[in-house]
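> Sequence and predicted structure are below.
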Amino acid sequence: MIQDKQLEFSASQAITGSAASQNQIDTGGTVRGGYGMGDVEIVLTADQTFTAAGAATLTVQLRSSPNANMSGPTVHYQSPPIALADLAVGRQIPFLARFPRNGHRYVDLNYIVTTGPFTAGQLTARGTAARQLDRVT
């Protein structure tokens, strides 16, 4: 898998409740017409199996803000709810998100936990040029 450290939103980030990603991408300013990146697949990898007392789910948002503290963000993409069973260690949860056209300078991910909280779980989230697929021959 081709990954770019500059597109790393989270590195083994513990997710038990709703939170923003550890890192954000500073695009250097608003770029009219998009950031020139086209479609960027963001791969979420569970580094630790998620657990919860109930049937917790995780939703991920790609958002941007003109402010480094991510105040007043614009949500550009939201994943469907990711079930607890899909958050086992080593699992990859891909979603294809176009970096926002006419977006703001700062871009991050926002993790929303519903019917939670999770009692454990860690996640790495990175943009990738080409996701590695398991192939059965």
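Perfect, I can see it now.

> Asn110 is in contact with Ser64, correct?
No: using Cβ atoms under 8 Å, Ser64 is not in contact with Asn110, being 10.8 Å away. C-betas here are computed from N, CA, C, even on glycine.

> shared neighbours, these two?
Taking Cβ atoms under 8 Å, 6 or more residues apart in numbering as the criterion, Ser64 and Asn110 both touch Pro73.

> which one of these two has more residues nearby?
Neighbour comparison, Ser64 and Asn110: the larger count goes to Ser64, with 23 against 18 (by other Cβ atoms under 10 Å).

> who's in contact with the most centrally placed residue in the chain?
Against the mean C-alpha coordinate of the chain, by Cα atoms, centre = their mean, the closest residue is Leu109 at 4.7 Å. If you count contacts by Cβ under 8 Å, 6+ apart, Leu109 has them with Phe9, Ser10, Ala20, Ser21, Ile42, Val60, Gln61, Leu62, Arg63, Ala125.

> Show me the strands paired with the helix or strand of the chain with the lowest mean pLDDT, marking each as parallel or antiparallel.
The helix or strand of the chain with the lowest confidence, counting by mean pLDDT, DSSP states H and E, is strand 92-98 at a mean of 74. Sheet partners assigned to strand 92-98 using DSSP bridges are listed as strand 39-52 (antiparallel).

> Show me what secondary structure element comes after the partner strand.
strand 57-65 (DSSP states H and E).
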